[in-house]
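*Asks:* quick check, what structure comes out for this input:
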Amino acid sequence: MRLQPNKIRNVAIIAHIDHGKTTLLDSLLKQSHVFREGQVVQERIMDSYDQERERGITIFAKHSSFQFGDHKINVIDTPGHADFSGEVERVLDMVNSVLLLVDAREGPMPQTRYVLSQALKRGLCPIVIINKIDRPHADPEGVLEKTFDLFVELGANDKQLDFAHIYASGLNGYATLDMKNPGKDMAPLLQLIVDKVPAPEGNNDAPFLMQVGTVPYDDYLGRGACGRILNGTVKKGMTLTHVNAAGVEKQMRVTQVRGYFGINQVDMDEATAGDIVNIYGIPDVLVGDTLCDPKEVVHLPALRIEDPTITVNFMVNNGPLVGRDGQHVTMNKIRERLVWERKANITLKIEELPGVSDAIKVSGRGELHLAVLIEAMRREGYEFCISKPKVITKEIDGVVNESIEHVYIEVPEENSGAVIDALSRRKGELQTLDTNEHGICSLEFLIPTRGLLGFRNDFLTMTRGEGILTSLFHGWAPFKGEIVHRANGALISMNAGKITAYSAFGLQDRGILFVNPGEDTYEGMIVGEHNRDNDLIVNITRGKQLTNLRAAGKDENIILAPPRRMTLEQAIGYIEDDELVEVTPKTFRLRKFYLNENDRKRFGKK
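*Replies:* The predicted structure follows:
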């Protein structure tokens, strides 16, 4: 039986990071009976990607679907982290409304502002869910008022200001329209979606038309095209015209049509207008391309995605340990993998460097955005080097401008002075400062994006892990001048070999080590941080000279301090312009761009 557009509801869940999107969707799926009886279902079902589960955040937008009465509800779970906001932008054109989750205690947060502004710009009328109403010190009514004020501040029209709202606890699996009558399940929310979300426009009898929003991949079927059908119907075996971003038209035959049941793809005999489906049989399809009826070819405008803000160079690893861990070490392999990533992730920008054959420039939204790609490639067996991130600049009216971030910070009052001082030295300008009755200080800064590179690790240290920092792209401003990121120099190995406990013990007074005894090192590798502001060449492989005179001297008791171990993001933010991060499937190391000391001196002068 054909599904009519008026029986379909398409929504996306949007919110600030950690406000409970994925947990709420867990409850919706479990109560919609999409799982087999007795099936063991893990928490955060939608976070299926390894890094999502490890980092505790959503990275990619994901699709799900379930029945409520005679209605089909398609729900898209979106990331809450600002670095992955491109995932939010490209799926908002697929849906007819959004579920805006707001924490009942924290209220609207910076990313709430961003994702809501994107929804309002597209004319969507959100449904507000005040989530986590079971939290201690929750203030649902106060948060609702703040959310309304945010709608007003973002220029919502009268229809958008008259938004529907509901209270929920995603963790405990209930929703209610009235705080005085706690709910038992998610039925009130599902009914609100059916009542308030507009049915998708579209005519089943019109010529087929769809724009590609995401590009899934199946081991057997290859690349797919996922999107909402704007008009018409599609079946297996149909011929469609594929129109790419350059306007080139090519006819393709549909090999399979799949929809969603729960979180799994299921084969469909026929998909109709308004539904969100995956269409296979178009091997070179890209995000933003158009699929249409060959008899009525349409060129839809490209998807609106904001530009990247930082860039790094992916380079061939020319170190002496190259190939020991990795399987893919050549530039051709690295370039091929990056081009493949660009086809599915339009928020990344891949560029060749003129006159450079062993490096390729990759631009993204932030350190975390690029770190997720680097980590994924590392796990796939790739080995390469990463340069220091650079902020993208643009020339406006003859003046060089750089990107500015609006930074929102919450810290204990006793740590606020250190944070203000640190950000001021990084060219940050304090906008607001407010301290509540609990001694929590709220700060807002405008700061160049490059001023935040490598700062998050320092921020966690100076606040003892109790601070919260969120940043959003604010705009462009004239270049603010040089910023000193790292006050200390590096301890650089002068030769190759195994690190010895004896030499490491002797270097502890010179700085903080990054390595353990028994690890391999080579000339030019950074093995620690110097106590002073200059680089220091050290011998960390020297062993103790033994003699046959037992009474020649008394052995010292070697006690080594634990080395400082950085995450990949911290390492990328730590290095300077003349340094690289060497990434392999088993580890990553810090090194100088020029490994030989004479080369560093010669090229440093130039």
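*Asks:* need the three-state assignment for residue 445.
*Replies:* Classification of residue 445 using DSSP: H, G, I helix; E, B strand; the rest coil returns strand.
*Asks:* would you check that it makes contact with residue 422?
*Replies:* No - applying C-beta atoms under 8 Å as the test, residue 445 and residue 422 come out as separate, 10.5 Å apart. All C-beta atoms are positioned from the backbone trio N, CA, C, and that covers glycine.
*Asks:* show me which of the two is the more surrounded one.
*Replies:* Counting neighbours by other C-beta atoms under 10 Å for residue 445 and for residue 422 shows that residue 445 has the greater number, 27 against 15.
*Asks:* ok, residues contacting stretch 249-260?
*Replies:* 63-65, 74, 221, 224, 234-244, 265-271, 275-282, 294, 297 (C-beta atoms under 8 Å, 6 or more residues apart in numbering).
*Asks:* what residues are bridge-paired with the nearest residue to residue 76 once chain neighbours are set aside?
*Replies:* Leaving aside its sequence neighbours, residue 76 sits nearest to residue 12 (C-beta to C-beta, 6 or more residues apart in numbering; 4.3 Å). Beta-bridge partners of residue 12, counted by DSSP bridges, are residue 76, residue 98.
*Asks:* ok, residue 12 to residue 19 distance?
*Replies:* 14 Å (C-beta to C-beta, to the nearest Å).
*Asks:* do a quick rundown of the helices in the stretch 51-200 of the chain.
*Replies:* 85-91, 110-121, 140-153, 158-161, 187-196 (DSSP state H, counting those that start in this stretch).
*Asks:* from the contact counts, what lies against the longest one?
*Replies:* Read that as helix 140-153. strand 97-103, helix 110-121, strand 127-131, helix 158-161, strand 164-169 (3 or more C-beta pairs under 8 Å, 6 or more residues apart in numbering; DSSP states H and E).
*Asks:* hmm, back to that, pretty sure the residue nearest to residue 76 is touching residue 96, no?
*Replies:* No - counting by C-beta under 8 Å, residue 12 does not reach residue 96; the two are 9.6 Å apart.
*Asks:* one step back: which of the helices and strands packed on helix 140-153 has the lowest average pLDDT?
*Replies:* If the helices and strands packed on helix 140-153 are sorted by mean pLDDT, helix 110-121 sits at the bottom with a mean of 84.
*Asks:* packing partners for it?
*Replies:* Using 3+ C-beta pairs under 8 Å, 6+ apart: helix 110-121 touches strand 8-15, helix 85-91, strand 97-103, helix 140-153, strand 468-478.
*Asks:* ok, 7 Å please
*Replies:* strand 8-15, helix 85-91, strand 97-103, strand 468-478 (3 or more C-beta pairs under 7 Å, 6 or more residues apart in numbering; DSSP states H and E).
*Asks:* got a markdown table for these, with distance to residue 429 and mean neighbour count too?
*Replies:* Listed next are these as a markdown table, based on distance: least, C-beta to C-beta, whole Å; neighbours: other C-beta atoms under 10 Å:
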| stretch | distance to residue 429 | mean neighbour count |
| --- | --- | --- |
| strand 8-15 | 28 | 26 |
| helix 85-91 | 23 | 23 |
| strand 97-103 | 28 | 25 |
| strand 468-478 | 10 | 16 |
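*Asks:* if you average pLDDT over each of the ones you listed, which is lowest?
*Replies:* Minimum mean pLDDT among the helices and strands packed on helix 110-121: helix 85-91, a mean of 77.
*Asks:* ok, residues contacting it?
*Replies:* Contacts to helix 85-91, defined as C-beta atoms under 7 Å, 6 or more residues apart in numbering, come from residues 12, 14, 60-61, 76, 78-79, 114-115, 118, 213-214, 287, 303-306, 346-347, 365.
*Asks:* from those residues, list just the buried residues.
*Replies:* 12, 14, 60-61, 76, 78-79, 114-115, 118, 213-214, 287, 303, 346-347, 365 (16 or more other C-beta atoms under 10 Å).
*Asks:* give me the contacts around the strand or helix carrying residue 368.
*Replies:* Residue 368 is located in helix 367-379, with elements delineated by DSSP states H and E. Helix 367-379 has contacts (C-beta under 7 Å, 6+ apart) with 51, 59, 81, 83-84, 312, 337, 341, 362, 364, 386, 389, 453, 568-569, 572-573, 583-585.
*Asks:* so of those, which ones are in helices?
*Replies:* 51, 337, 341, 568, 569, 572, 573 (DSSP state H).
*Asks:* pick the most buried one from the helices of the stretch 51-200 of the chain.
*Replies:* helix 85-91 (a mean of 23; mean count of other C-beta atoms under 10 Å).
*Asks:* picking up where we left off before, which pair of the ones in helices among the contacts of helix 367-379 spans the longest distance?
*Replies:* 337 and 573 (23.3 Å; C-beta to C-beta).
*Asks:* so how far is stretch 125-140 off the chain centroid?
*Replies:* Relative to its parent chain, stretch 125-140 has a centroid offset of 25 Å by C-alpha atoms, centre = their mean, to the nearest Å.
*Asks:* go through that stretch and flag the buried ones.
*Replies:* Buried, per 16+ other C-beta under 10 Å, within stretch 125-140: 125, 126, 127, 128, 129, 130, 131, 132, 133, 138, 139, 140.
*Asks:* give me the contact list for it.
*Replies:* For stretch 125-140, using C-beta under 7 Å, 6+ apart, the contacting residues are 19-20, 24, 97-105, 116, 119, 143-144, 147, 159-160, 163-170, 172, 179, 192-193, 196.
*Asks:* tell me if residue 422 really is in a strand.
*Replies:* No - using three-state DSSP, the secondary structure at residue 422 is helix, not a strand.
*Asks:* contacts only, for it.
*Replies:* Residue 422 touches 458, 462, counting by C-beta under 7 Å, 6+ apart.
*Asks:* more neighbours: residue 337 and residue 573, which one.
*Replies:* residue 573 (23 against 19).
*Asks:* report how many residues lie close to the closest residue to the more buried one other than its chain neighbours.
*Replies:* Once flanking residues are discounted, residue 573 sits nearest to residue 454: 2.9 Å by C-beta to C-beta, 6+ apart. Using other C-beta under 10 Å, residue 454 has 22 other residues around it.
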